[in-house]
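1. Any chance you could fold what I've pasted below:
(chains A and B)
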Amino acid sequence: MSEQEKQPALQIQNVTKTFGKKTAVDNVSFDIYPGEVFGFLGPNGAGKTTIIKMVMGFFRPDNGTIIINGFNRKTHYEAAMASIGGIVENPEMYNSLSARLNLQMYARLHEGVTKERIDEVLELVGLTDRADEPVKKYSLGMKQRIGLAQALLHRPKVLILDEPTNGLDPAGIHLLRDILTQCAHEEGVAVMVSSHLLSEIQVMCDRIGIINHGKLLQICSIDDFVNQAQSSTVYRIKTSDPAKAKEILSEKYNNRIFNVNEDTLDIEIEEEQINECVRTLVASGSDILGVQKLESSLEEAFLEITGGGVHVE
Amino acid sequence: MSKLAALYHNEMLKLSHRILVWILVILMILTSFFTPFLLKNLILEDSGQTYSQIGKTEITKERDTAKSSLGDPNRYVEHETLRFTIDNQTVELFATKLNLSEEQFYEYERLSCFNAILANYDFDSYPIEETYLSINAFYAYRASFSRLCSLNSEPFSSRTNEWYEEYTFATKQLDLAKEAFFYHDYEAYLKNQENEDPLSELKETSVLRKVIEIDPEGKLSENETHEIIEAILLCEGYKKNLAMGVDDQDGTLMPLTQSRKTQIENKVKILEYQIENNCLISKRASGATVVRQVAQKVSRFLLVILLIIIAGSSISQEMATGSIKSLIIAPVKRWKIFTSKLLALVTWVLAGSILITLITTLSTALCMGPSSLPPYYYCSGGVVQTMPNLLFSFLFFLADNISLFVYLLGAFTISCFTRNTGIAVGISTGLIFCNSSFSIIVEILGHKRWIDFLPFSNMDLAGKIFPYFDLSGYLDAGDAGLFGIGGNTLSLRFSLIYLAVLVFILLLTAYDGFVKRDIP
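-> The predicted structure follows:
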């Protein structure tokens, strides 16, 4: 593993892309290593797809270098692109052709993809029975599956999937997760998955990068991210007079109090602090009717990092 | 290179799975096959009779009419009077006494003529010679007779010296023609014609001599004789132009350039070769050639529709449906995708041209006989050579389709640049329409220098690449095509350079539109 880590499968170095006056991707650099699943996280319009499209050859970066499997994309285009596979946005095929024919056509553009390999990937994504139907008869989920089959067809070193669970049924999501994990952990493929859904990233990824407004805000392992998120937890305190309680607590936890309702208030503190917090309230004469620990603080951590991320740009 | 081949393979595969392509191909095949059958009846059928046979039939018919008319005693008397007066050169009675209308006059002229020639003609002792010259002498006799009649109708008071000269001349012509027709002695007749009217008659006389030389016994059919005469006259015309240093292009007289001079000299050689070897393009053959050519052009309308759709959608449609993604993700450089699509387009132009040529040739051969398609005669290095019909027909059609390809490239470019199939197909179809009717605009505007720099003026290539097409019975592109302006005198070199520049600009724009720009 350490040997592989010296040689990233995908290197993105100081990549910038502007559309007119708007900077879509601003000096982004990161590496993805063989055997890991890298989650690319950001709200809508953050620049995820722009980066993916640059890696996949749709856009030319204004600045910066993209190196795939050791080949500079600019100088060794075909060698670099030979080690990449993926789906950008929705997978689109030649609709009047069958799935098998679509794969055969794609296979022709790569070296060493055999007929057996086509059958193998069709089997892998569970489309063997319907492979000879024209793609236009497929549902969105089936199209995702055939897109995945196409992405895997030539055994790429780097697999890039843009919002891959879009349109998949639960079984499909499960299958996708299994395939990705298998690719990364058993075959040593570097997988990059973009999503705006944290829960999805959480279960699939080893490492995540968070992007917003074209800037890469943070890269860390998913464990660190979860720990960081869990180190401070939100508690919901039920009291008869939340306004008074807020007054009392604001001295010490000023910025961490929110959602003051009729009889509850939420406070974000570390686990050890809750004891002291309750004690303070009791000491000042507030009645505590209940204390509840709220789950899913990852979302909040994400929102905090991306600065809310509600505005689509 | 293998990537390019793979991409090309995929392009052809994609096109072969489009239903629209198959519908249009089938329509094209049907049109190619059936158009010659529909057009066949428009072509004049050769009666198969020799010219002399037809001439003899006509003379005999006229004689019978004359005889039956002469059977009417009153008319006979009138006619006798007329004949009498001619022999004695005193015809004053004719116009004054008989007060005839023009129509009646013609009738009398005819009656007199046929009576004079034929009423006493002994067919058994002197059979009518079945040659072109003999018939010609007969008509000359009749013409001189008519001339004399009209001269005679002039009153004495207005007869001048010129009148007497003309009268003497007509009388002499009459005698000579009579001599030639009755006794088959043409030498004096021909010589006289040559001497008397050196400018206009010379041509006809030399034509007569040549026809006699080629066909001394009158074996050739009416059409064949006409073909020879036309060819000889054309040849004479070219020679005259060469001698005068004039270039007559569809009625526009221009100074003769060196390249045109060689071309016209070659045309003369080809014509002389065709006349000598009796391999002139027969009416039937040129009819068949035109039928096939028109069928090619009609079928091409469907090819144009098909190819405009292919060219105008090849990139924009893939962008619209998103299927372009699997090409972009693949490890192929974008210029290879671009080139493979262009190559697929070129293949379709070629395949369409081959298919249409083969089928129209087959069906033309079926409905007009395989021998009706003559080879192409051309002159290379001063030697007249032939090219097989099918090959030439394909090459000529292909040369005509160079213009089509330029328009397709235009559609392709607009498709790359705007990424909108509708705009690409619409604009290029509009331009083709504009081209086909542009000659009308040119006719209204008159010839202006800037018109030469419009694409429309430079699309008529087939006729310029194969300048001797008309000698093998082919029509010009301007006459029956979508492309080109009639009466266009631009040189092949100018048009080729112009189109090369145009194609280069189009390719560059398309390349920039697809290869350099981002794909959304």
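2. all strands for the chain, in order.
-> Going with chain A. For chain A, the strands defined by DSSP state E cover A:10-19, A:22-32, A:37-41, A:63-68, A:71-72, A:84-87, A:158-162, A:190-195, A:207-212, A:215-221, A:232-239, A:257-258, A:264-270, A:288-294.
3. wrong one, I was asking about chain B
-> Per DSSP E, chain B has strands spanning B:246-249, B:252-255, B:376-380, B:383-387. These are given in chain order.
4. mind checking how far residue A:280 is from chain B?
-> For residue A:280, the distance to chain B under the criterion CB to the nearest CB, to the nearest Å works out to 57 Å. Where you see a C-beta, it was placed from the backbone N, CA and C, and this is true even at glycine.
5. So that residue is in contact with residue A:253, correct?
-> No - if you go by CB atoms under 8 Å, residue A:280 and residue A:253 don't touch, sitting 9.5 Å apart.
6. and residue B:157, which of the strands of chain A is closest to it?
-> strand A:10-19 (101.2 Å; CB to CB).
7. So what touches the closest one?
-> By CB atoms under 8 Å, 6 or more residues apart in numbering or on different chains, the residues outside strand A:10-19 that reach it are A:23-32, A:50-51, A:54-55, A:59, A:61-69, A:158, A:190, A:192, A:214.
8. Got a quick ChimeraX command for the buried subset of those?
-> In ChimeraX, this line selects whichever of those come out buried by 16 or more other CB atoms under 10 Å in any protein chain shown:
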select /A:23,24,25,26,28,30,31,32,50,51,54,55,59,61,64,66,67,68,69,158,190,192,214
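9. filter the contacts of strand A:10-19 down to the ones near chain B?
-> Filtering the contacts of strand A:10-19 for proximity to chain B by CB under 8 Å from any CB of the partner chain leaves residue A:59.
10. before we move on, back to that, any chance of the strands of chain B in TSV, plus mean neighbour count and mean pLDDT?
-> Listed next are those as TSV, based on neighbours: other CB atoms under 10 Å in any protein chain shown; pLDDT from 0 to 100:
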stretch	mean neighbour count	mean pLDDT
strand B:246-249	14	78
strand B:252-255	10	76
strand B:376-380	19	89
strand B:383-387	15	90
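11. care to break the chain down by domain?
-> Because you didn't say which chain, this covers chain A. Residue ranges for each domain of chain A read A:2-227, A:232-306, as given by automatic domain parsing.
12. To clarify, I was referring to chain B.
-> Following the assignment in automatic domain parsing, chain B carries domains at B:2-46+B:282-516, B:51-220.
13. What's the mean pLDDT across the last one?
-> This means domain B:51-220. With pLDDT averaged residue by residue, domain B:51-220 scores 63.
14. pretty sure residue B:313 contacts residue B:425?
-> Yes - at 7.2 Å, residue B:313 counts as touching residue B:425 under the criterion of CB under 8 Å.
15. average model confidence for stretch B:281-301?
-> Mean pLDDT, taken over the full extent of stretch B:281-301, equals 87.
16. How far off centre is it?
-> Distance of stretch B:281-301 from its chain centroid, counting by CA atoms, centre = their mean, to the nearest Å, is 11 Å.
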